[in-house]
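>>> 3D, please:
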Amino acid sequence: MKRLILHWSAGAYEPSAHDKRCYHFLVDKNGTVHNGIFKPEDNKICRTDKYAAHTGGGNTGSIGVAMCAMAGFRDRDRVGAYPITLEQFESTMKLCAQLCEQYAIEISPDTTMTHYEFGLKNPKSTSAGKIDIIYIPPYPWVAQTQTGSFIRTKIKWYKEKLHEKRKEKNGNKHTPD
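Numbers count the residues shown, from 1 in each chain. A predicted model of the protein is given here:
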């Protein structure tokens, strides 16, 4: 897998059957991670209907992670009845750190991005104009243009915590990063 793409489902707080077909992992309002129908490896080559179709023009080689939230979102002042929760956001960032570690995905704007960022980079794809993720309700001060950077910083922080935990478990012996 070459990249990780983050989404909000534009739905309610629990994953729907449709959500489970579109994303590899979904995080509900309490931070519980749900598996989608397809495994990330199903997206290595997307030539059949047996893969998670989460990012138009960017599914091949991509892991799709979604927060179950944001139904009714219009803008930062009208977020709808299902805003992303703090527990949900933090659990998603921790999950993404684990996935980046597991799949050796570098945390960079080219490999760890929001659906919104993918659409900006690929304006001729069906992902152009997607708005997930342009606003993070638990962190309202983060500007739309900074959401991707903020998310990557959070994922890096959680990845460092994974490394620290591993070192503690191994008796502070040096472990490769």
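>>> show me what whichever helix or strand residue 116 is part of is packed against.
Under the criterion of DSSP states H and E, residue 116 resides in helix 115-121. Secondary-structure packing of helix 115-121 (3 or more C-beta pairs under 8 Å, 6 or more residues apart in numbering; DSSP states H and E): strand 3-8, helix 147-169. C-beta here means a position set from N, CA and C on the backbone, and glycine is covered the same way.
>>> would you list these in JSON lines and tack on mean neighbour count and mean pLDDT?
Formatted as JSON lines, the helices and strands packed on helix 115-121 follow (neighbours: other C-beta atoms under 10 Å; pLDDT from 0 to 100):
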{"stretch": "strand 3-8", "mean neighbour count": "25", "mean pLDDT": "98"}
{"stretch": "helix 147-169", "mean neighbour count": "16", "mean pLDDT": "94"}
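>>> can you put the ones you listed in TSV and add distance to residue 125?
Compiled in TSV, the helices and strands packed on helix 115-121 are given as follows (distance: least, C-beta to C-beta, whole Å):
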stretch	distance to residue 125
strand 3-8	12
helix 147-169	17
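>>> I'd like to know which of these is closest to residue 137.
Closest to residue 137 of the helices and strands packed on helix 115-121 is strand 3-8 (C-beta to C-beta; 10.0 Å).
>>> between helix 147-169 and that closest one, find me the angle.
110 degrees (axes from the mean of the first three to the mean of the last three C-alpha atoms, to 10 degrees).
>>> next secondary structure element downstream of strand 3-8?
Following strand 3-8 in sequence order, the next helix or strand is helix 17-22 (DSSP H and E).
>>> if we can go back for a sec, using CSV, list the CA coordinates for the helix holding residue 116.
Extracted in CSV, the C-alpha atoms of helix 115-121 (Å, rounded to 0.1, in the frame of the first residue of the first chain):
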residue,chain,number,x,y,z
HIS,A,115,-9.9,13.3,0.4
TYR,A,116,-10.1,17.0,0.0
GLU,A,117,-6.3,17.2,-0.6
PHE,A,118,-6.4,14.3,-3.0
GLY,A,119,-9.1,16.2,-5.0
LEU,A,120,-7.0,19.4,-5.1
LYS,A,121,-4.0,17.4,-6.4
